[in-house]
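Have a look at this fold, sequence not included:
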């Protein structure tokens, strides 16, 4: 294909990424991922920042993973500092999908504590996916600072991220279970219960943690997942 034809094709595909019909946008993202073209990197990244449809966004991220990481990662890194929350959250999601461990260093405390809940949730997931073993305790401390934040969905996401880190979080969770803030204490207890029984589900763990909090004690959790001290 000559240069003129290639340029025209890129313009057509980039235009399809902005079509009104989400099914057209989805097919365009799929086409780019099926036949990766680094010349469409900018169009993919820019669309990630504004795409309203979840399935299209996920396909955009997949298409980005199909491009050479050495080309894609520097451009995605720039999005982490964007003033647009969706640009930041989608960049974090894409980093976790690409899976290059060195990009862990780009997930700053500011992103882990981002005031936008969706950005923070994406940062928690990406950080847990990319953290090296020697960074797990530091990451646990950062995540634990967010205990008690937000509603059910946000708290569930944070608990799942902490559970994925494993037993390294247990000592700090037990300290947090004695926090003077009931929301922090309850969330810490729910997370430890979920760590001991991941199949129980966050809602069940939170209900049990709420019961323990109402009893007004630390409500330690035994290693087999049962509450003690009742």
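Structure received. Quantities reported herein were computed from a predicted structural model and do not represent experimental measurements. Residues are numbered from 1 along each chain as shown.

was I right about residue 26 contacting residue 54?
No - the pair residue 26 / residue 54 is not scored as a contact, 10.7 Å apart, by Cβ atoms under 8 Å. C-beta coordinates here come from the backbone N, C-alpha and C atoms, glycine included.

And residue 19, which helix or strand is it part of?
Under the assignment given by DSSP states H and E, residue 19 is not contained in any helix or strand.

Distance of it relative to residue 46?
When distance is defined by Cβ to Cβ, to the nearest Å, residue 19 is 15 Å away from residue 46.

the more surrounded of the two?
residue 46 (16 against 13; other Cβ atoms under 10 Å).

the more surrounded of residue 26 and residue 54?
Each of residue 26 and residue 54 has its neighbours counted (other Cβ under 10 Å); residue 26 has more, 21 against 9.

OK, contacts around the nearest residue to residue 80 once chain neighbours are set aside?
Excluding its sequence neighbours, the residue lying closest to residue 80 (Cβ to Cβ, 6 or more residues apart in numbering) is residue 91, at 5.3 Å. Residue 91 sits next to 45, 48, 76-77, 79-80, 82 when contact means Cβ atoms under 8 Å, 6 or more residues apart in numbering.

Filter the residues you listed down to the buried ones.
The neighbour-count test (16 or more other Cβ atoms under 10 Å) applied to those identifies 45, 48, 76, 79-80, 82 as buried.

show me where this protein has helices.
3-16, 22-34, 41-48, 54-65, 69-79, 85-98, 109-112, 117-130, 136-144, 152-165, 170-176, 182-196, 202-215 (DSSP state H).

so can I have JSON lines of those showing mean pLDDT?
Formatted as JSON lines, the helices of the chain follow (pLDDT from 0 to 100):
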{"stretch": "helix 3-16", "mean pLDDT": "82"}
{"stretch": "helix 22-34", "mean pLDDT": "95"}
{"stretch": "helix 41-48", "mean pLDDT": "96"}
{"stretch": "helix 54-65", "mean pLDDT": "97"}
{"stretch": "helix 69-79", "mean pLDDT": "96"}
{"stretch": "helix 85-98", "mean pLDDT": "97"}
{"stretch": "helix 109-112", "mean pLDDT": "97"}
{"stretch": "helix 117-130", "mean pLDDT": "97"}
{"stretch": "helix 136-144", "mean pLDDT": "94"}
{"stretch": "helix 152-165", "mean pLDDT": "94"}
{"stretch": "helix 170-176", "mean pLDDT": "91"}
{"stretch": "helix 182-196", "mean pLDDT": "91"}
{"stretch": "helix 202-215", "mean pLDDT": "80"}
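
need the contact list for the most centrally placed residue in the chain.
Residue closest to the average C-alpha location in the chain (Cα atoms, centre = their mean): residue 122, at 2.3 Å. With contacts defined as Cβ under 8 Å, 6+ apart, the neighbours of residue 122 are 88-90, 92-93, 96.

Next one: it relative to residue 204, how far apart?
25 Å.

follow-up on the earlier one: can you tell me which two in the contacts of residue 91 are farthest apart?
48 and 77 (13.4 Å; Cβ to Cβ).
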